[in-house]
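> quick one, what's the 3D model for this:
(one chain, ligands or ions: 2)
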Amino acid sequence: MTRPLTFAIPKGRILEEALPMLARAGIKPEAEFHDKKSRALRFATNRPGISIIRVRAFDVATFVAHGAAQIGIVGSDVVEEFDYSELYAPVDLDIGHCRLSIAEPVGLSDEDEAAMSHVRVATKYPHLTRKYYEARGIQAECVKLNGAMELAPSLGLSRRIVDLVSSGATLKANGLVETHVIMPVSARLIVNRAAYKMRSADLTPLVEAFRKAAAGGKDAA
Ligand SMILES: Nc1ncnc2c1ncn2[C@@H]1O[C@H](COP(=O)(O)OP(=O)(O)OP(=O)(O)O)[C@@H](O)[C@H]1O
Ligand SMILES: O=P(O)(O)OC[C@H]1O[C@H](OP(=O)(O)OP(=O)(O)O)[C@H](O)[C@@H]1O
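Numbers count the residues shown, from 1 in each chain. Ligands and ions are numbered 1, 2, ... in the order given. As a prediction, this is how the structure comes out:
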């Protein structure tokens, strides 16, 4: 008997938009998934061959890249930050829209990039930050934070931050202004490449179901 597929989904803010997408693709988690008091991390679904794990956004990519989960949903920010060769991201789900941007305190006019050789940046995205600056001949010294990056400039940790921006409210509330967009972000369906080959009979129809679910969402909009 083949092992059930494990589907990894992030417990953060993508979850709310991901659940209707899963439902459109024919997957519904068991009732316990919605019980806020439950400490369970793995859940059965209406599909006997598919179970769901709920993990942190960055860990979705790690579980799927290592084949511990075969399929998952995660932001393109995470896919690009890790750049795992084992991850295949076949469907843009058109949810979780935001952008990865550079920000700095209001009133500190942005230095001319052409004159800079080194920057210090607080971020959860050191790989993408270094890559962005490297392409401009600037060496980025990254201070890794896991959240609340917006505090870094006022507390003297770094002048700049690289973080996700959506409405811009968090930057505004913390006296910061967006100076450059590094990349637009949306959530992707990700699949482990080896599993995709070895379990293509299970995974190909699932990928197609998500492709249709994402296109259906657009039609409905
Ligand atoms: N402001 C936002 N608007 C839209 N999408 C966002 C926003 N912030 C984050 N996202 C998307 O949601 C994903 C998860 O973000 P979030 O920081 O909420 O996750 P999380 O699970 O709480 O992370 P962790 O627990 O690892 O800190 C991000 O990788 C990004 O793709
Ligand atoms: O532009 P806005 O609409 O204000 O959204 C941006 C905020 O959203 C994300 O944080 P989140 O709320 O997910 O919390 P986190 O800092 O714990 O990651 C991101 O890290 C920003 O702080």
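> and Phe7, that's in a strand?
Yes - judged by DSSP: H, G, I helix; E, B strand; the rest coil, Phe7 forms part of a strand.
> from what I see, it and Ile50 are in contact.
Yes - assessed by CB atoms under 8 Å, Phe7 is found in contact with Ile50 at 5.7 Å. C-betas here are computed from N, CA, C, even on glycine.
> show me the common contact partners of these two, please.
Residues touching both Phe7 and Ile50 (CB atoms under 8 Å, 6 or more residues apart in numbering) are Ile27.
> neighbour-wise, which of these two wins?
Taking neighbours as other CB atoms under 10 Å, Phe7 and Ile50 compare with Phe7 leading, 26 against 20.
> pull the contacting residues for that one.
Per CB under 8 Å, 6+ apart, neighbours of Phe7: 22, 27, 45, 50-53, 69-72.
> among these, which lie within helices?
Residues of the contacts of Phe7 located in helices (DSSP state H): Leu22.
> the most centrally placed residue in the chain and ligand 1, how far apart?
When CA atoms, centre = their mean is applied to the chain, the residue found nearest the centroid is Gly75 (2.4 Å). Computed as CB to the nearest ligand atom, to the nearest Å, the Gly75 to ligand 1 distance reads 2 Å.
> Glu141 too?
22 Å.
> sheet-wise, list the partners of the helix or strand that that residue is a member of with their directions.
Glu141 belongs to strand 139-144 when assigned by DSSP states H and E. Note on strand 139-144: by DSSP bridges, its sheet partners are strand 118-123 (parallel).
> can you list contacts of the longest helix along the chain?
As assigned by DSSP H, the longest helix anywhere in the chain is helix 200-220. By CB under 8 Å, 6+ apart, the list of residues contacting helix 200-220 from outside reads 2, 5, 21, 24-26, 49-50, 70-71, 90-95, 189, 191, 195-196.
> so which bits of it are buried?
202-203, 206-207, 209-211, 213-214, 217 (16 or more other CB atoms under 10 Å).
> and this protein, which residues reach ligand 2?
Contacts of the chain with ligand 2, taken as CB under 6 Å from any ligand atom, map to 12-13, 147-148, 163-170.
> in stretch 155-163, what counts as buried?
Buried, per 16+ other CB under 10 Å, within stretch 155-163: 158, 160-163.
> ranges for the strands of this structure?
Along the chain, counting by DSSP state E, strands occupy 5-10, 42-44, 50-55, 71-75, 87-92, 98-105, 118-123, 139-144, 160-165, 176-185, 187-192.
> would you reformat the ones you listed as TSV and include mean pLDDT and distance to Glu17?
Below are the strands of the chain laid out as TSV (pLDDT from 0 to 100; distance: least, CB to CB, whole Å):
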stretch	mean pLDDT	distance to Glu17
strand 5-10	97	11
strand 42-44	97	18
strand 50-55	97	15
strand 71-75	98	9
strand 87-92	98	13
strand 98-105	97	12
strand 118-123	96	24
strand 139-144	98	27
strand 160-165	98	15
strand 176-185	97	13
strand 187-192	98	7
